[in-house]
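**Student:** What shape does this take:
(chains A and B)
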2 protein chains.
Amino acid sequence: MNQLEKLKKAVNEFLPTSIENLQGYLSIPTVSAQNKSISETVEYVVAMIKDLKGEVKVLDDLGGNPVVYAFFAAGDQGDASKTLLFYNHYDVQPPEPLNEWDSNPFEPTIKDGKLFARGVADNKGDLVARLSAIKALQKVEGGVPCNIKFLIEGEEEIGSPNLEPYLKKYRELFQADACIWEFGGKDDKDRISMVAGIKGMAYMELTCIGAEIDMHSSVGAYVDNAAWRLVLALGTMKNQQNEILVDGFFDGIKEPTESEKQVVANLPFDEKAIARLYGLKRALITSRKGVDPREAMVFHPTMTICGLESGYTGEGAKTVLPKKAMAKIDCRLVPGQDPNYIFECIKKHLLVHGFDDIEVKLINGQKAYRSSFHHPFIDHVIQAAKEVYKNDVILAPNSAGTGPMYIFGEQLCLPIVSTGVGWAGSKAHAPNESIRLQDFEEGIVYIAYMLTGFSDALTEKKDTVVIKK
Amino acid sequence: MNQLEKLKKAVNEFLPTSIENLQGYLSIPTVSAQNKSISETVEYVVAMIKDLKGEVKVLDDLGGNPVVYAFFAAGDQGDASKTLLFYNHYDVQPPEPLNEWDSNPFEPTIKDGKLFARGVADNKGDLVARLSAIKALQKVEGGVPCNIKFLIEGEEEIGSPNLEPYLKKYRELFQADACIWEFGGKDDKDRISMVAGIKGMAYMELTCIGAEIDMHSSVGAYVDNAAWRLVLALGTMKNQQNEILVDGFFDGIKEPTESEKQVVANLPFDEKAIARLYGLKRALITSRKGVDPREAMVFHPTMTICGLESGYTGEGAKTVLPKKAMAKIDCRLVPGQDPNYIFECIKKHLLVHGFDDIEVKLINGQKAYRSSFHHPFIDHVIQAAKEVYKNDVILAPNSAGTGPMYIFGEQLCLPIVSTGVGWAGSKAHAPNESIRLQDFEEGIVYIAYMLTGFSDALTEKKDTVVIKK
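**Tutor:** Next comes the predicted model:
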């Protein structure tokens, strides 16, 4: 039996225990947005790590929900000169709307080979899979093949507002040679989908207050309408071709490299499947404009209205001239863009266009991050995945989603790849979130197997890396 | 004691009974939007009319809430060749938001000489005042000086959707020489404020549906955003100068006559008082543009956004790309404009500008109406008001508000003036709606006194009218 087979066997033997651990973890409703069950969850995580004889520290001296640090030293046969860092978060999205769940979101339920619960795909399943991989290596190899660290935070679902100070203060503690990010999984054709980066975000709220009270709509003949003011202001920020018209918005964007472009040109993309999935009423914007949707997804920043609110929105007619109007705007950023600068550009744009009556608030700002494709770690995670999954592996330069990856890249200067145990139907953030138990099992094996070759991969090619970075 | 003094004395004597009648009427929560207490209210109205020996018919053969017809034949001393019609409605606005009321909206409360209750100013107080005027004339003169009719409907607050068929079928029944409309009162300087017309309305809902489900906002890179589509569509309909850009919107507008213009130029208007009242954050649109706000109020059509709704509008950030966006638009129309034509213009405008993904629904359409200023009835109501109130009387060609006046004008071909017992602080449609008891008493006297000269006024100048109409 080769090493991979031994790992598979071991994982399969203790799989029921892993699932049980995961179910216990999922039973805790760790909703960070509602500040629920934080200390109970931290205790559970600490116990799982101690069970595997890991060293653990609960960091809470800088405010926010505690950050859990875990350390597993390389075993006697291992290479203590190399360290891999796992990033995970123990908090989950709110489960609402509850009536759209087929089972209780915090009573983990197995059905048709799938495990349903809030947070199972994002991101509790991945932490348990990674800890189970360590267990497998301890059983098969007598220890782990390199140093392994974990950073497990509790505020990812609310934008990681307190993470940066922890990473700055504890930079030495978390120092590593490479990082495996929190999420990932299989696509709709069961190909392994990974990303080596993430888009940034500038999430803003625009508010126009025209008066102190709602008025009868007949005064629209001479009184400003906050809703019109907001609509007209937004109308200057984008055109019908979906082009962003804010001066400075595109400043500093780093052009993707040739290898990134090549990878993106080869990403799978099924427009019809997407149209079916969402029930779209019109062709994709990119198709209408003759733009490659894969390029748009990975390389283009966006500006999306996430919410609009003003006046009367009930049934029928109410003739009110609203005192206030509000819009929520989500800009997805690419490397080189700075959320604070984008915020300033939008404020300036509004002033220049005569909208000094519109206030802008930056709610959430995160920079984008892309790891260099030329790091041997990147090749290693892909190669290991091909061997374990026996399927295509698709690595995008960055996801269209967002996370605190930039902070890691900046503070720890290391390559990052995101991979996990999700599937195309995981429904992260939505009702009936799930993972497939087979993906969970395979994911444990994959992490364990990837770890066995990690140190060698980095040692062999170290020189190349330095030159190319 | 002259006639006016006799009427004053009589009204003052039975005032407590009138207030009691009104309080009973106000205790019934006749909220048409919620279909509440309709038959109970109709019974109460019928009883009040029968108490005064009026003839009454409850018309309900054409659907909707019943329309009450009342008739008081001219007394022995009166002139049965002339008929005055009163228009009232027995329904009221919803009382919400309830927590902003200082007393229960359906437990009429007297405080500091004011009577507080939902519907007291709009429009239950006026009906009781008019019936009390008839009572005063019966006591002082032994009967009423001309024929008097009432049309009291129960759907004014929901746009009078069923009134036109009743007026068409029962045109003969409601035929009259002139009409006193439902509302009016004193302005902030206690001048008597009347209108001889009303603006029309086209209230529309615009909806964009981009998909069947809400999406993660990261797909904004290639998927249409319903909120952006709606915002951009609205942005083509008005500019920053508050000018309406819809082709055809101004078609057919009847230019105001010279006398209407003169009257409007002399209307009182206190920009500072308005800014204080509403707590406005910017100068009036009209001031910025150098337009007379009185002209805008009376002669210019408007297009107001009454409501906007899309996606996430709660606290903080939710990164959603909403499947749907909705706007409510209220266009106030002037004579010559047709709500159905406006509706067609807006639909066409959206198509021409590339917004075939936006659906428009006409929720409420009413034409504007203006009585000719050259009718002796107009002079008479003003003259009588000056004599009773001993204060300035301001008659505007039309109000900025809306009502079913056009149907009356078209079906019954008669001059219409609106006057009532409200005051500047009445807060119709808002919490803590009130009338002042002194205004109520004066209003009864005014209606009674106006009725005594009605027949003569019309007879003397009848010829002039026919020519000028």
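**Student:** contacts, neighbours, all on C-alpha from now
**Tutor:** Noted.
**Student:** Check which residues of stretch A:358-365 are buried.
**Tutor:** A:358, A:360, A:362-365 (16 or more other CA atoms under 10 Å in any protein chain shown).
**Student:** closest to A:A385 among these?
**Tutor:** Distance to A:A385, by CA to CA, is smallest for A:G365 among the buried residues of stretch A:358-365, at 32.8 Å.
**Student:** close to chain B, is the helix or strand in which that closest one is found?
**Tutor:** Using DSSP states H and E, A:G365 maps to strand A:358-366. Yes. Contact of strand A:358-366 with chain B (CA under 8 Å from any CA of the partner chain) involves A:363-364.
**Student:** Give me the helices and strands touching that strand, please.
**Tutor:** Using 3 or more CA pairs under 8 Å, 6 or more residues apart in numbering or on different chains; DSSP states H and E, the elements in contact with strand A:358-366 are strand A:200-209, helix A:339-352.
**Student:** Please identify the deepest-packed of the ones you listed.
**Tutor:** Most buried of the helices and strands packed on strand A:358-366, by mean neighbour count (mean count of other CA atoms under 10 Å in any protein chain shown): strand A:200-209, with a mean of 25.
**Student:** tell me the mean pLDDT for it?
**Tutor:** For strand A:200-209, mean pLDDT rounds to 97.
**Student:** Also stretch A:12-28?
**Tutor:** Computed over stretch A:12-28, the average pLDDT equals 98.
**Student:** need the contact list for A:E153.
**Tutor:** A:65-68, A:88-91, A:163 (CA atoms under 8 Å, 6 or more residues apart in numbering or on different chains).
**Student:** From those residues, pick the one nearest B:P335.
**Tutor:** A:D91 (61.3 Å).
**Student:** neighbours of the closest one, just the number please.
**Tutor:** By other CA atoms under 10 Å in any protein chain shown, the residues close to A:D91 number 30.
**Student:** Contact partners for it?
**Tutor:** Residues near A:D91 by CA under 8 Å, 6+ apart: A:30-32, A:38, A:119, A:123, A:153-157.
**Student:** Most neighbours among the residues you listed, please name it.
**Tutor:** Neighbour-wise, these (other CA under 10 Å) top out at A:G119, 34 neighbours.
**Student:** Tell me where the stretch 251-400 of chain A has helices.
**Tutor:** Assigned by DSSP state H, counting those that start in this stretch, the helices in the stretch 251-400 of chain A fall at A:258-265, A:271-278, A:285-289, A:293-299, A:339-352, A:376-389.
**Student:** tell me the contacts of the nearest residue to A:Q138 once chain neighbours are set aside?
**Tutor:** The shortest distance from A:Q138 to any non-neighbouring residue, by CA to CA, 6 or more residues apart in numbering or on different chains, is to A:V144 (6.1 Å). Neighbour list for A:V144: A:72-75, A:78, A:134, A:137-138, A:451-452 [criterion: CA under 8 Å, 6+ apart].
**Student:** which among these gets closest to A:L26?
**Tutor:** Minimum separation from A:L26 among the contacts of A:V144 (CA to CA) is found for A:I134, which lies at 20.1 Å.
**Student:** Give me the contacts around the helix or strand harbouring that closest one.
**Tutor:** According to DSSP H and E, A:I134 maps onto helix A:125-141. For helix A:125-141, contacts defined as CA under 8 Å, 6+ apart pick out A:6-7, A:10-11, A:18, A:21-22, A:48-49, A:52, A:88, A:119, A:143-145, A:182-183, A:420-421, A:435, A:440-441, A:443-445, A:447-448.
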